[in-house]
Each structure stands twice: as C-alpha cells, then as structure tokens.
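# Provided below are the primary sequence and the corresponding predicted coordinates.
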Amino acid sequence: MPFARFSVVLSVLVFLAWLLPVDAQEDAKDKKIPATSKEEGKKEESKENPSVISKKEALVLDEPLQALEGHTDWIRALAYNGDGSLLASSSRDHTVRLWKGGAKEPNVLKDLPGDVRGVIFLGSTGRLAASCGAWNKEKKAFEGDLRIWSLKGLELVQTLKAHAEPITCLAATADGRVLASGSDDQTIKIWDSANGKQVQTLKGHKGLINSLAFSADGSRLASAGEDGTIKTWDPLEGKELTSFKAGDRPAICLAFSKTGKLASGGFDGMVHVWNPTEGKLFYEKKAHEGVVAVAFSADGTKLASGGWDQCIKLWNTATGDALFTIKAHDATVSALAFRPDGQVLASGGIDKAVKLWSAVAAPAKK
C-alpha cells in the first residue's frame, strides 16, 4: 500500500477512536458493541483544491504565544470565561484544568468518572459546568453526568444524572442561566443552571448529538446530529424551528456568531456558514481534510476552523475569505476558543497540547 494512502487510513482510524470515551473503548470488546457509533469512511483528498494547505505550504508561527502543558490525553473542549481571565480545558484524561492569565500551573478538577467531553463557563454566575461519560462496570450501564462547580473555592455544587448514555456536548446561554446537554442517547436536555432542574427534553435527531450552540440572545439553540441534520429549536418551549441537511457528511461542530450566522464543519472537510432561520447557505469553503472544531470571535468578524490536517484556518466572516493558516499541532486540532477580546485564539489537539495563538496578525512563512 502506498505510504500516503496508509497514512490517510491510519489518521481516520485514530480520529474515530477519539469519538468514544476511553472507558467505553476498553469495554467494547467485552460487550460486543462497536467501538464508535460514528460513520466510518475515507477522507477525500483533492490535489486540485488550493484551500487545503499541505504541511510544506502551511503558514506557521515560529512559536505560539504560550503552550500550556499538563493534560495526559486528547483535548476535548476549551472555553474562556466572560472577561478572558480564565481558560478551561477538558480532556479524555478525566480532568478539567483552569488556566489563569499567563500562569503555567493550572487549578485541576480531577478524578472525574470518565471522559470529559464538554466544559463551559456559566456566564456571570461564577460557575463552571462539565460533562462526564463513562461505562460503569458495576451497574453495566453508561452514565452521563453533568457537574457544576462554584469558581470560588472550586466547590462542586451540583451533580446531575443527566443522560442514560455519555454526554457528547454542552452549550449555555450568554448569561449562563440556561444549559443544554446533548448525548449518545439522541436527546438534548435543557436545564435551569441555578437549581439543576430539567426544563425540556428535545427529541428529533435519529442519531447521537455531535454539537450544540446557542444564539447570542439565547432564543435559539442549534444542534448537529449524526443523522446528518442540523436543527434549530426554541429551547424553553421545546419546539423544533428548522431542520436541514448539514452537507455531504454529518456536522461534527457548530458555532453561532454575534450576528446570527451559524457555522458548521464535518468530515467532508467543508466549513459551511448558514442562515439558520431559513436553513440556507451564505457560503461554504473547503477548509481541511476533515473539520473537527469551529469558533467565532466575540465580535463575529472572524471564524476559526481546525481539523485532521493539524492546522487552524482563520476566515473573514463577512466575505468567507481565508485570512491565514497556522500549522498548530502535531495531530488533529480538536478544540478551539477565542478569548473574548478577539486577540487570542486557544487551540487543543489530540497531541494533548493546549496552545495560545495571536488571532490578529498573519504569521510569516517559516
């Protein structure tokens, strides 16, 4: 087998393993279930498409602004608090790390029961939410816990048995009062974060939930499912508003802009920017070999995407033009988050690294 083809197949197999909690992978053989419910398929390569940047062509920074070390497994999610003073990172290593300013030593929330797929700050409430999913060998069942901490003293204040299966993604309104969780169980649950009460259960997807995103005003929730659809909802009324096909492959990641645009990315390597009210495209761009993460800057002017090719691309949201590309990680870029001031972009990778990059100046060729 030619090396290039072998490398592509190997990359797909490694990435698919990322999609299931570690504990589930270890027990998959015993339970005789597949190690992942994600659709498998070959990545399509196009030598003619100039927007896919090869390693030799990629624009790179000489060094990131900072590299944050400590995680011992793949990075699942990243989130900044409202003033940008704290960055949270979650990982398959069963921890959440809180990085303050330029500090190299984070506060660590550890000994969580499983793969921490989601982490998010709850607006100005002074609290943090994270999701945990693991196979409970004693109960012989998957568990999907939702945990909430007070940032003052890092005290665990709530543990919610949220889903019958692992939680795959989290989203919260800007004020942090409404929290949404998506799961392998194909449902989305809406929570009052103040008292931990469930407000709604949203059903409609025919597969696991890949990603969630709230609009800036919190009136609309977008969801991407493994069934290949993107749906929007009135989260408090529990009403489905729109449903449309994500593209040639299911959307893996979603992000809402301040102006109401919805970005999605998937294994087809495309970044789509939608009018979610009508389910129509503003534009689409071939971005990576496979897109795993997207994020908008707080002002909505820039969109970042990351994927299998280990690169980050920044885009002009208004025009869809590529601004620059960063060769960021030694493996798939799995998570992205802009600092609220838009000056810094945080990235996480399957290489276990968290890195901070300038989001305002195009890097020079190395």
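Thanks, I have the structure now.
# tell me which helix or strand comes right after the lowest-mean-pLDDT helix or strand in the chain.
One helix or strand of the chain scores below all others by mean pLDDT, DSSP states H and E: helix 22-31, with a mean of 39. Counting by DSSP states H and E, the next helix or strand C-terminal to helix 22-31 is strand 66-68.
# which other helices and strands contact that following strand?
strand 354-358 (3 or more Cβ pairs under 8 Å, 6 or more residues apart in numbering; DSSP states H and E). All C-beta spots, glycine's among them, are computed from the backbone N, C-alpha and C.
# ok, the strand it packs on: who's next to it in the sheet?
strand 66-68 (antiparallel), strand 344-349 (antiparallel) (DSSP bridges).
# for residue 115, find the nearest of those strands.
strand 344-349 (14.0 Å; Cβ to Cβ).
# what sits up against that closest one?
Strand 344-349 is contacted by residues 65, 74-78, 80, 84, 87, 89, 293, 295, 304, 306, 310, 312, 314, 328-339, 354-359 when judged by Cβ atoms under 8 Å, 6 or more residues apart in numbering.
# CA atoms of it as CSV?
C-alpha atoms of strand 344-349 as CSV (Å, rounded to 0.1, in the frame of the first residue of the first chain):
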residue,chain,number,x,y,z
VAL,A,344,-6.0,35.4,21.2
LEU,A,345,-7.2,32.0,19.9
ALA,A,346,-6.8,28.9,22.1
SER,A,347,-6.4,25.5,20.5
GLY,A,348,-6.4,22.0,21.7
GLY,A,349,-5.2,18.8,20.0
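# can I get the strands paired with strand 354-358 in TSV with mean pLDDT, mean neighbour count and distance to residue 175?
Below are the strands paired with strand 354-358 laid out as TSV (pLDDT from 0 to 100; neighbours: other Cβ atoms under 10 Å; distance: least, Cβ to Cβ, whole Å):
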stretch	mean pLDDT	mean neighbour count	distance to residue 175
strand 66-68	94	16	28
strand 344-349	97	26	22
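# closest one to residue 116 among these?
strand 344-349 (11.9 Å).
# show me the shaky parts of the stretch 101-250 of the chain.
Within the stretch 101-250 of the chain, the ranges that satisfy pLDDT under 70 run 102.
# please enumerate the strands of it.
For the stretch 101-250 of the chain, the strands defined by DSSP state E, counting those that start in this stretch cover 107-109, 115-121, 127-136, 141-150, 155-163, 167-172, 178-183, 187-192, 197-203, 209-214, 221-225, 229-234, 239-245.
# how about those strands in TSV, adding mean neighbour count and distance to residue 281?
Converted to TSV, the strands of the stretch 101-250 of the chain look like this (neighbours: other Cβ atoms under 10 Å; distance: least, Cβ to Cβ, whole Å):
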stretch	mean neighbour count	distance to residue 281
strand 107-109	16	39
strand 115-121	26	27
strand 127-136	24	30
strand 141-150	20	33
strand 155-163	15	32
strand 167-172	26	22
strand 178-183	26	23
strand 187-192	21	24
strand 197-203	14	24
strand 209-214	25	17
strand 221-225	26	15
strand 229-234	22	11
strand 239-245	15	9
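# returning to what we had before: make CSV out of the strands paired with strand 354-358 and add distance to residue 206.
Listed next are the strands paired with strand 354-358 as CSV, based on distance: least, Cβ to Cβ, whole Å:
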stretch, distance to residue 206
strand 66-68, 38
strand 344-349, 30
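# which of those sits closest to residue 254?
That would be strand 344-349 among the strands paired with strand 354-358, by Cβ to Cβ, at 17.0 Å.
# count of neighbours near residue 176?
21 (other Cβ atoms under 10 Å).
# my read: it touches residue 194, true?
No. Using Cβ atoms under 8 Å, residue 176 is not in contact with residue 194, being 9.0 Å away.
# shared neighbours of the two, anything?
Both residue 176 and residue 194 are contacted by residue 125, under the criterion Cβ under 8 Å, 6+ apart.
# Throw the strands of the stretch 101-250 of the chain into JSON lines and include distance to residue 276, thanks.
Listed next are those as JSON lines, based on distance: least, Cβ to Cβ, whole Å:
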{"stretch": "strand 107-109", "distance to residue 276": "33"}
{"stretch": "strand 115-121", "distance to residue 276": "20"}
{"stretch": "strand 127-136", "distance to residue 276": "24"}
{"stretch": "strand 141-150", "distance to residue 276": "25"}
{"stretch": "strand 155-163", "distance to residue 276": "25"}
{"stretch": "strand 167-172", "distance to residue 276": "14"}
{"stretch": "strand 178-183", "distance to residue 276": "15"}
{"stretch": "strand 187-192", "distance to residue 276": "16"}
{"stretch": "strand 197-203", "distance to residue 276": "15"}
{"stretch": "strand 209-214", "distance to residue 276": "9"}
{"stretch": "strand 221-225", "distance to residue 276": "6"}
{"stretch": "strand 229-234", "distance to residue 276": "5"}
{"stretch": "strand 239-245", "distance to residue 276": "7"}
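# low-confidence regions, the stretch 251-366 of the chain specifically.
Looking at the stretch 251-366 of the chain by pLDDT under 70, you get 361-366.
# show me where it has its helices.
Along the stretch 251-366 of the chain, no segments are classed as helices by DSSP state H, counting those that start in this stretch.
# start from the N-terminal end of it and give the strands.
Under DSSP E, counting those that start in this stretch, the stretch 251-366 of the chain gives strands at 251-256, 262-266, 270-275, 280-286, 291-296, 302-307, 311-316, 322-327, 333-338, 344-349, 354-358.
# that'll do, ta.
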